[in-house]
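*Asks:* Fold the stuff below for me.
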Amino acid sequence: MCGIVLSRKCWYCRDTVNFHGHKVPSMVESLLNLESSDNVGVVGIYEDPKIAKSYITRFAFELYYKIKYKFRAASFLVDVSKQLRVNTANGLENLHKELLSDMGVETMQELQRKRVLLVLERVDSEQHLKLLVEMGVSDWFGGGSRILIATENRNLFEDCPAVMNGVKLEKHCIREGELVKEKIVKEKKVVGFVKEFIDVINQLKEEDSNGRSVVSIVGMGGSGKTTLARMIYDSDEVTKVFPCRAWATVSKQCIEKEVYRNLLKSLKVPKSKYEKLSKEELKKKVRECLNGQSGKYLIVLDDVWNTQAWNKLEHLLPEKNNGSRILMTTRNDRVANHAMSKEPHHQLGPLDEEESWELFRSEVFGREECPSDLESIGKSIAKSCKGLPLAIVTIAGVVKKRKRSKTEWESIEKLIPHWCDDDDIDRMKKILKMSYDDLPKKLKPCFLYLGVFLEDYPIKVREIIRLWITEGFIQVRETGTSKAPPQPEDIGEEYLKELVDRNLVEVARRRRSDGEGVKTFRIHDLFRDLCISESNKEDDDNTKSNINSRRLSFTGNARSYVCSAKSNQSTSICSLFVCAIDFDWSSGILDNTQSVNVLYVDIFGGRAPSMDLEELIHLMYLKIDGPPEVPIRIGEFKQMRHLRSQGCVQLQLDREGSRDILQNLQSLCYVRADSVLATLIENGCFPNLKTLGLVLYPEDKQGGGRTEELRRLRGLSNLHNLKLKFDHTKHIHLPALPIDTFEFVSKLTKITLVIREHAQKLLIVVMLGVFRSFKCS
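*Replies:* Residues are numbered from 1 along each chain as shown. Okay, the predicted model is just below:
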């Protein structure tokens with residue numbers, strides 16, 4: 001069909017906008033006069049100079065979705081002036097055809113009988129405004145219709161008469177006070193893709209079939225699939241239609257148990273209900289939850305790499321015959337076809353030059369305008385990225401760290417011409433490599449270290465900073481003044497902030513306490529590939545299973561490595577990471593690893609490993625997630641700084657009663673609160689412990705875990721952070737907790753309670769009101 005081709009508008013930003021109280025601004029509501037069904041109304045909206053460009057589109061977009069339910073048909077046409085410049089001669093005919101298609105009618109006469117909402121976005125010239133009026137746009141629709149004309153040209157309406165071609169034109173300037181900045185979870189979130197956003201939502205809502213169907217977003221890595229899907233998932237329009245929603249990232253490995261767990265987490269199922277379930281039990285639990293929902297469900301399966309992954313997951317989702325939908329993102333159109341996804345698939349192509357520049361400019365300058373002397377260079381740099389969003393924001397991360405001078409920007413521009421003949425993937429890789437090369441020397445090992453984690457693995461900020469410190473990547477230097485040097489943890493926070501600012505990592509969650517600090521983040525799989533390839537160039541910083549590597553990361557079977565290592569006596573491992581499902585510990589992976597300093601084990605439902613940890617006397621960092629309970633003689637580990645487990649560590653006394661002082665131990669989570677722990681505390685074994693996580697069992701349970709053991713905490717003079725996890729809370733008499741004991745822990749500033757019953761939460765909140773920081777989860 002010949003018509004106006006609606007372009008895709010995309011930008012990344014740190015915040016988005018909404019109306020105060022989620023209501024339409026009163027002035028706009030008055031101008032629209034929505035309750036009147038007599039005449040067709042035309043309202044022009046433009047921006048106050050104090051508001052940055054591009055806010056007008058977000059404002060119009062929010063307004064469109066707030067009021068569209070009042071009309072029988074609605075359409076949001078993007079970049080109207082741009083399309084009219086291309087098709088001026090046939091503008092009227094093309095616009096007619098596009099509207100007919102968008103509103104699902106065959107003739108303009110049908111629209112004349114309907115109350116219609118039409119938004120014309122980016123009408124930026126007086127010539128095009130007059131053309132639209134002369135075309136008789138207001139005569140196309142029935143009484144009560146409304147036409148919104150949105151423009152970034154703040155002078156467009158200045159000289160326009162109040163009545164044009166018999167149509168009264170209302171005007172409204174958007175003031176800064178009508179927009180509210182809302183912090184969002186993802187630091188770099190697409191808030192555009194207007195055309196695709198509308199198209200995908202319309203396809204999700206189509207009533208052509210009540211059966212469960214699949215809608216697909218397809219595009220290469222870094223094209224914005226995930227962020228577009230997230231924007232759709234979080235939109236008001238979708239939450240109204242699909243009261244039950246769940247999200248899971250599939251990724252290349254497709255760890256089924258993690259997919260099921262993430263779906264259950266999205267469905268608000270308490271973790272205690274599924275954390276110990278097998279794969280088949282988890283699958284059954286997901287089906288039960290979805291079948292138990294009265295309304296439609298929407299499941300997002302993000303980053304489905306191949307048909308095998310889809311085959312594993314498709315039978316998980318029940319056929320309810322009520323219009324439920326699956327939204328899938330994939331790099332491979334063949335996967336979308338295999339899943340019998342609804343046509344057309346939503347292909348995310350590259351941005352055009354104008355869009356690329358807008359994305360680059362907003363990343364480098366935020367709400368500021370680009371200085372005129374840098375604009376041409378900036379446009380050239382943005383153009384070199386060939387419309388790839390990840391490449392654009394990455395190179396923008398390099399540029400914004402340089403001085404705002406022609407010399408600095410030209411030095412970056414000169415690196416680019418020889419990439420012009422590369423295909424998209426090679427060009428992307430070279431831009432990502434350039435961003436790594438631009439890192440300060442001190443940050444490079446910190447960034448490369450992220451390659452040891454699985455793709456899409458949620459990395460905890462405090463955990464990675466502890467690892468950086470343990471590995472020696474963060475060095476505290478004397479200030480040379482009377483001022484105390486910064487703490488290593490504070491330096492680590494600055495390092496991470498630098499990686500975020502450079503767009504090398506993506507924020508996943510922020511801290512609840514301030515809404516600003518980063519709690520968890522992820523690394524894009526293309527950046528992870530870069531970490532691995534660069535690490536392999538350095539003998540002492542290898543993240544793969546080479547014989548002489550110092551850091552090993554396993555995601556599968558370790559037998560091939562073990563066989564080679566046993567025949568090579570030069571093997572020396574300082575750090576061992578195991579992030580896998582059902583890992584085969586019988587392979588002997590811990591043989592000949594007495595020198596290991598870091599052991600990081602995250603098993604997704606694997607059986608408890610038979611690990612002889614007592615031989616690992618040089619351990620400084622130990623994390624074990626997966627086994628339900630691990631016995632440890634902690635006195636054997638004189639250098640230990642951090643011992644952490646999401647399950648439960650059962651401390652044991654050594655032959656001498658564990659009187660060794662562990663000067664370096666700073667965090668210990670989660671351990672059984674029993675008589676052994678009490679003895680260790682009384683013996684003064686943990687003089688510098690700052691964080692302690694305890695598991696409290698019912699008082700009558702054999703083996704301890706009684707709440708009176710909390711009274712022994714008085715011996716921890718440096719304790720700052722206390723975490724209490726209750727197992728079988730219905731059997732614990734929470735009001736009997738010795739809260740007064742905590743008053744004697746002078747430096748205690750934060751208590752986190754991991755409990756399940758809401759009534760008990762409320763009770764403890766009242767009792768712990770004296771603390772500066774309190775969290776209940």
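
*Asks:* Can you pull the poorly scored residue ranges out of the stretch 501-650 of the chain?
*Replies:* Within the stretch 501-650 of the chain, the segments meeting pLDDT under 70 span 512-516, 538-549, 555-572, 580-593, 604-612, 626-630.

*Asks:* can you give me the helices for it?
*Replies:* For the stretch 501-650 of the chain, helices defined by DSSP state H, counting those that start in this stretch occupy the ranges 525-535, 559-566.

*Asks:* now for the longest one, which elements pack on it?
*Replies:* Pointing back at helix 525-535 there. Under the contact criterion of 3 or more C-beta pairs under 8 Å, 6 or more residues apart in numbering; DSSP states H and E, helix 525-535 touches helix 424-437, helix 444-448. C-betas here are computed from N, CA, C, even on glycine.

*Asks:* Give me whichever of those helices is most buried.
*Replies:* Burial of the helices and strands packed on helix 525-535 is given as mean neighbour count (mean count of other C-beta atoms under 10 Å); helix 444-448 ranks first at a mean of 21.

*Asks:* for it, what is the average pLDDT?
*Replies:* For helix 444-448, mean pLDDT rounds to 94.

*Asks:* contacts for stretch 517-528?
*Replies:* By C-beta atoms under 8 Å, 6 or more residues apart in numbering, the surrounding residues in contact with stretch 517-528 are 187, 221-222, 251-252, 390, 428-429, 432, 450-451, 453, 455-461, 493, 496-497, 500, 504-512, 531.

*Asks:* returning to that earlier point: right, so of the helices and strands packed on helix 525-535, which gets closest to residue 131?
*Replies:* Of all those, helix 424-437 sits nearest to residue 131, with 37.2 Å by C-beta to C-beta.

*Asks:* CA atoms only: put that closest one into PDB for me.
*Replies:* The C-alpha coordinates for helix 424-437 follow below in PDB (Å, rounded to 0.1, in the frame of the first residue of the first chain):
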ATOM      1  CA  ASP A 424      26.700  -4.400  11.600                       C
ATOM      2  CA  ILE A 425      28.000  -7.000  14.000                       C
ATOM      3  CA  ASP A 426      31.700  -6.200  13.300                       C
ATOM      4  CA  ARG A 427      31.000  -2.500  13.600                       C
ATOM      5  CA  MET A 428      29.300  -3.000  16.900                       C
ATOM      6  CA  LYS A 429      32.100  -5.000  18.200                       C
ATOM      7  CA  LYS A 430      34.700  -2.400  17.300                       C
ATOM      8  CA  ILE A 431      32.700   0.400  18.900                       C
ATOM      9  CA  LEU A 432      32.400  -1.700  22.100                       C
ATOM     10  CA  LYS A 433      36.100  -2.400  22.000                       C
ATOM     11  CA  MET A 434      36.800   1.300  21.600                       C
ATOM     12  CA  SER A 435      34.800   2.000  24.800                       C
ATOM     13  CA  TYR A 436      36.800  -0.600  26.700                       C
ATOM     14  CA  ASP A 437      40.100   0.900  25.400                       C
END
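
*Asks:* Format the helices and strands packed on helix 525-535 as TSV; extra columns: distance to residue 169.
*Replies:* Below are those laid out as TSV (distance: least, C-beta to C-beta, whole Å):
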stretch	distance to residue 169
helix 424-437	45
helix 444-448	54
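
*Asks:* Those: lowest mean pLDDT?
*Replies:* Of all these, mean pLDDT reaches its minimum on helix 424-437 (a mean of 86).

*Asks:* helices or strands next to that helix in the packing?
*Replies:* Using 3+ C-beta pairs under 8 Å, 6+ apart, helix 424-437 sits against helix 389-399, helix 525-535.

*Asks:* Columns distance to residue 376 and mean neighbour count on top of those helices, output as CSV?
*Replies:* Listed next are these as CSV, based on distance: least, C-beta to C-beta, whole Å; neighbours: other C-beta atoms under 10 Å:
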stretch, distance to residue 376, mean neighbour count
helix 389-399, 14, 25
helix 525-535, 29, 19
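
*Asks:* Now render those as CSV, adding distance to residue 747.
*Replies:* Formatted as CSV, these follow (distance: least, C-beta to C-beta, whole Å):
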stretch, distance to residue 747
helix 389-399, 38
helix 525-535, 37
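
*Asks:* What distance do you get for the closest residue to residue 619 other than its chain neighbours to residue 667?
*Replies:* Leaving out its chain neighbours, the residue that sits closest to residue 619 by C-beta to C-beta, 6 or more residues apart in numbering is residue 637, at 5.2 Å. Distance, residue 637 to residue 667, using C-beta to C-beta, to the nearest Å: 13 Å.

*Asks:* Please enumerate the shared neighbours of those two.
*Replies:* residue 643.

*Asks:* The residue nearest to residue 619: what's it in contact with?
*Replies:* With C-beta under 8 Å, 6+ apart, residue 637 has these contacts: 616, 617, 619, 622, 643, 662.

*Asks:* Just want the phi and psi numbers for the first one.
*Replies:* According to degrees, to the nearest 10, the main-chain angles of residue 616 amount to phi -90, psi 60.

*Asks:* Give me the pLDDT for residue 96.
*Replies:* 69.

*Asks:* now swap in residue 373 and tell me
*Replies:* Looking at residue 373, the pLDDT reads 91.

*Asks:* any idea which element it lies in?
*Replies:* Element membership of residue 373, judged by DSSP states H and E, is helix 372-384.

*Asks:* That'll do, ta.
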